[in-house]
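Chemist: curious how this folds, go ahead:
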Amino acid sequence: MFDEQELLAALRRHDSDAFTILFETYSDKIYRLAVGLLENELEAEGIVQETFLRFFERIDQFEGRSKVSTWLYRVAYNASMDYLRRDKPHLSIELADEDDALPMPAIFSDWSQWPEGLLSDAEVTAELDKAIAALPEKYRAIFLLREIEGLSTRETAHVTEISISAVKVRLHRARLILRERLAESFSARIGDYAGHG
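Modeler: Here you go, the predicted model:
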């Protein structure tokens, strides 16, 4: 198995095994990010193809200052944002000034106090997926990169081309919004669940 530097060297030699390893390692992750951002499986497949095509075209320009994975996520993120701007021209994704204007969530709930049977894995997953999909694009992108894909704050800032502090603010806001939406959703069911208990 290649380490990062060996993989990069092999990719620059146009080693077909290295390309295969790169694709097999990252294609599902890039697809998952694109689906999360676009909510469109067909377009997400196109983003995967475009990401790897761009990478292969520009491999000789890649300086290795960031990890290969970070570079791939950045290409996929930019391609996804380009698609969103074309599809929804009125959409403004990078309004950093608006971050401070977002209201704090009204509902805070201690989920550990809820009936255990209410929080079945499938139900929580479905609700969480729905809540993530409903996040504003700029918060959803940060949440997906940090919490789903596991990128560091610094890597996420590099991918999205915003400051580290802006990443932290947006991630915090995304978590608060999700917590409020899930609290609303599950709170509405607690009475029903307790009544049947």
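
Chemist: for the rest of this, base every contact and every neighbour count on C-alpha atoms.
Modeler: Fine.

Chemist: isn't residue 159 right up against residue 70?
Modeler: Yes: counting by Cα atoms under 8 Å, residue 159 touches residue 70, with 6.5 Å between them.

Chemist: neighbour count: these two, which is higher?
Modeler: Set residue 159 next to residue 70 and count neighbours by other Cα atoms under 10 Å: residue 159 wins out with 22 against 16.

Chemist: dump the residue contacts of the residue most central in space within the chain.
Modeler: With distances taken as Cα atoms, centre = their mean, residue 144 lies nearest the centre of the chain, 2.0 Å away. Residues counted as contacts of residue 144 (Cα atoms under 8 Å, 6 or more residues apart in numbering) are 33, 36.

Chemist: residue 33 is in what secondary structure piece?
Modeler: Secondary structure assigned from DSSP states H and E places residue 33 in helix 16-38.

Chemist: could you pull out the buried residues of that helix?
Modeler: Buried residues in helix 16-38, counted by 16 or more other Cα atoms under 10 Å: 18-19, 22-23, 26-27, 29-38.

Chemist: and the next helix or strand past that helix?
Modeler: Counting by DSSP H and E, what follows helix 16-38 is helix 41-58.

Chemist: next, the buried residues of whatever helix or strand comes next after that following helix.
Modeler: The helix or strand immediately downstream of helix 41-58 is helix 68-87, counting by DSSP H and E. For helix 68-87, burial by neighbour count (16+ other Cα under 10 Å) applies to 68-81, 83-84.

Chemist: which strands and helices sit next to helix 68-87?
Modeler: Under the contact criterion of 3 or more Cα pairs under 8 Å, 6 or more residues apart in numbering; DSSP states H and E, helix 68-87 touches helix 16-38, helix 41-58, helix 153-160.

Chemist: for residue 176, which of those is the nearest?
Modeler: With Cα to Cα as the criterion, residue 176 lies closest to helix 153-160 of the helices and strands packed on helix 68-87, at 17.6 Å.

Chemist: ok, residues contacting that closest one?
Modeler: Outside helix 153-160, the residues that touch it by Cα under 8 Å, 6+ apart are 70-71, 73-75, 77-78, 142, 145-146, 163-164, 167-168.
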